[in-house]
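In: build me a model from this:
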Amino acid sequence: MARLPGPFLCGALLGLLALSAPGRAVEVRVPAEPLSSQAGRTAELPCSYSTSVGDSFALEWSFVQPGQPASASQPILYFTNGHLYPTGPKAQRASLLQNPPTGGVATLKLTDVHPSDTGTYLCHVNNPPDFYTNGLGLINFTVLVPPSRPLCSQSGQTSVGGAAALRCSSAQGAPRPVYNWVHLGSSPTPSPGSVVQDEVSGQLILTNLSLTSSGTYRCVATNQLGSASCELTLSVTDSSKGRVAGALIGVLLGLLFLSIAVFCLVRFQKERKKRPKEIYGGSDLREDAIAPGISEPTSVRADSSNRLLERPASASTVTTTKSKLPMIV
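Out: Down below sits the predicted model:
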């Protein structure tokens with residue numbers, strides 16, 4: 001039996017290994033730590049890879065909003081068949097640092113970053129027949145925004161011995177701002193036992209209020225880009241004084257009403273005295289009025305007799321129907 005020479009045997013073994021060996025793996029490298037950029041600036045998201053670029057090489061960048069799975073990613077751009085295809089809502093602001101990305105660098109360039117650009121970015125390299133890794137790199141990116149002017153509000157019972165809650169919140173701010181309340185003015189700050197402050201939620205709780213708790217309170221929202229503030233005035237009232245004042249006001253109103261009533265009564269009496277006496281409008285009694293029980297003819301005869309008696313003595317002329325001659329009496 002003939003023996004195969006050593007060099008021929010080694011070459012056959014190497015060829016067999018070459019035929020049975022898998023293709024090269026695609027290795028994608030991205031930063032391990034999260035990245036950030038200030039709003040309005042240009043951000044670069046580094047991505048590099050190692051593979052033997054061929055005709056089937058393809059690169060894809062996509063975006064996932066915070067809290068969503070990778071399956072919900074939205075495409076940003078594609079590179080395939082030697083052409084770049086931006087897509088999606090970021091198409092006008094997205095590009096590659098090196099185009100074409102065939103030299104091992106697939107860094108994404110994003111201009112004029114917005115707060116909505118915060119999320120996870122996926123760098124995916126696909127190069128058949130290199131299928132032995134997923135060729136995927138993930139980058140967590142945050143757009144930094146200074147705190148917006150916070151809104152201050154209050155609730156609770158603002159009387160002596162009561163409790164009040166002061167709240168402060170900014171609509172924008174990344175990273176999330178922390179909140180700090182300060183009592184302004186010359187009045188002393190309430191005792192530590194009556195104050196509970198939460199820097200994360202921006203809430204300040206004041207218990208066992210006193211008159212010294214009144215004053216202006218300022219809330220300052222702060223993150224690494226800046227700060228903003230708002231103010232409100234807390235007025236603590238003494239309810240006991242309020243009750244005394246209410247009673248005093250009631251007494252004063254009662255006295256006022258009584259004074260008005262007396263004034264009106266006195267004025268009425270004066271006006272009554274100034275009025276003229278009323279004159280009786282009926283028939284007046286005459287001296288010769290008929291007395292009760294006496295008939296009119298009797299009265300007339302009596303009156304006639306009196307007149308005859310009062311007439312002085314003189315010659316009188318009597319006329320009779322018989323003689324119709326004057327007769328001297």
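
In: ok, R218 - contacts?
Out: Counting by C-beta atoms under 8 Å, 6 or more residues apart in numbering, R218 makes contact with 181-182, 184, 229-231. (Each C-beta comes from the backbone N, C-alpha and C, glycine too.)

In: tell me what it is bridged to.
Out: Note on R218: beta-bridge partners V182, E231, judged by DSSP bridges.

In: just the pLDDT at it, thanks.
Out: Among the per-residue scores, R218 holds a pLDDT of 95.

In: same deal with G202?
Out: 95.

In: I'd guessed Y49 sits against T107; true?
Out: No - using C-beta atoms under 8 Å, Y49 makes no contact with T107, being 10.7 Å away.

In: of the contacts of R218, which is the most crowded?
Out: W181 (21 neighbours; other C-beta atoms under 10 Å).

In: show me what contacts that residue?
Out: 166, 168, 197, 204, 217-219.

In: how far away is it from L151?
Out: Distance of W181 to L151, given as C-beta to C-beta, to the nearest Å: 14 Å.

In: quickly list what's touching both of the two.
Out: Common neighbours of W181 and L151 (C-beta under 8 Å, 6+ apart) are C168.

In: domains of this structure?
Out: Annotated domains of the chain cover 21-144, 151-238 [automatic domain parsing].

In: number of nearby residues for D55?
Out: There are 8 residues near D55, going by other C-beta under 10 Å.

In: how about G104?
Out: When counting by other C-beta under 10 Å, one arrives at 14 neighbours for G104.

In: any weak-confidence spans in this structure?
Out: Applying pLDDT under 70 to the chain flags residues 1-24, 131-134, 186-193, 240-247, 275-329.

In: apply 80 and report the result again.
Out: 1-25, 129-134, 185-194, 239-248, 250-251, 254, 257, 267-329 (pLDDT under 80).

In: what ranges does it have for its helices?
Out: 6-20, 239-274, 296-310 (DSSP state H).

In: now do the longest one: which elements does it pack against?
Out: Helix 239-274 makes packing contacts with no helix or strand when contacts are defined by 3 or more C-beta pairs under 8 Å, 6 or more residues apart in numbering; DSSP states H and E.

In: may I see the buried residues of it?
Out: Buried residues in helix 239-274, counting neighbours by 16 or more other C-beta atoms under 10 Å, are absent.

In: list the contacts for L166?
Out: 152-154, 181, 203-206, 217, 219, 232, 234.

In: swap in 7 Å and give it another go.
Out: L166 makes contact with 152, 154, 181, 204, 217, 232 under the criterion C-beta atoms under 7 Å, 6 or more residues apart in numbering.

In: and which of those is nearest to P89?
Out: Nearest to P89, judged by C-beta to C-beta, of the contacts of L166 is C152 at 35.0 Å.

In: nearest to F263, of the domains of the chain?
Out: Comparing the domains of the chain by C-beta to C-beta, domain 151-238 comes nearest, at 36.2 Å.

In: end-to-end on the closest one?
Out: 28 Å (C-alpha to C-alpha, to the nearest Å).

In: also stretch 206-221?
Out: Calculated as C-alpha to C-alpha, the first-to-last residue distance of stretch 206-221 is 19 Å.

In: what residues sit buried inside it?
Out: Going by 16+ other C-beta under 10 Å, stretch 206-221 has these buried residues: 206-207, 209, 213-215, 217, 219-221.
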